[in-house]
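Peer 1: could you work out the structure for the sequence below:
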Amino acid sequence: MNAKGVEYQAAVGSCALVGSMLTQYDLPEFIRAIEHAEAMGPMIDPTLYREKNEAMMQDKELLEAALPLYRWAMAQKRIAEAKAAAPPGVQA
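Peer 2: Numbers count the residues shown, from 1 in each chain. Below is the predicted model:
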């Protein structure tokens, strides 16, 4: 395998590892919580909202960027669980 092939395999493996690590968190719920804070924050505590809004938006942007990888890893996890639960000789 050439250097690009090794680099490609490392990149794919790294993505799979990060995706696997993300499955321990509920990313969609975190995004919903930020969206709730966006909607309610200015009314509940305008000062705190102004202070924290920029950091919260950066967090949301990062979580949204990670969401496709999270969804892929969750699907892989469900497939593996279905295969493990299938009776012998039955493909899940």
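Peer 1: what residues sit buried inside stretch 35-44?
Peer 2: For stretch 35-44, the buried set under the neighbour-count rule, 16 or more other Cβ atoms under 10 Å, comprises 37, 41. Yep, even glycine has a C-beta here, placed from its N, CA and C like the rest.
Peer 1: that should have said stretch 58-69, apologies.
Peer 2: 60, 63, 66, 69.
Peer 1: so which of those are in strands?
Peer 2: In strands, defined here by DSSP state E, there are no members of the buried residues of stretch 58-69.
Peer 1: report the mean per-residue pLDDT for the longest helix that the chain contains.
Peer 2: When the chain is parsed with DSSP state H, its longest helix is helix 46-85. In this model, helix 46-85 has a mean pLDDT of 96.
Peer 1: now, which of the buried residues of stretch 58-69 sits nearest residue 6?
Peer 2: residue 69 (21.6 Å; Cβ to Cβ).
Peer 1: burial measure for the spatially closest residue to the closest one that is not a sequence neighbour, as a count.
Peer 2: Nearest residue to residue 69 in three dimensions, chain neighbours excluded: residue 19, at 4.5 Å (Cβ to Cβ, 6 or more residues apart in numbering). Counted with other Cβ atoms under 10 Å, the neighbours of residue 19 add up to 20.
Peer 1: doesn't residue 67 make contact with residue 19?
Peer 2: No. Using Cβ atoms under 8 Å, residue 19 is not in contact with residue 67, being 10.7 Å away.
Peer 1: where does residue 90 fall, phi/psi-wise?
Peer 2: phi -110, psi 130 (degrees, to the nearest 10).
Peer 1: what is the burial count for it?
Peer 2: Counted with other Cβ under 10 Å, residue 90 comes out at 8.
Peer 1: now it: how far from residue 80?
Peer 2: 15 Å (Cβ to Cβ, to the nearest Å).
Peer 1: tell me which residue lies nearest the centroid of this protein.
Peer 2: The residue lying closest to the centre of the chain (Cα atoms, centre = their mean) is residue 70, at 3.4 Å.
Peer 1: hang on, that residue packs against residue 22?
Peer 2: Yes. Residue 70 is within contact range of residue 22, at 4.4 Å (criterion: Cβ under 8 Å).
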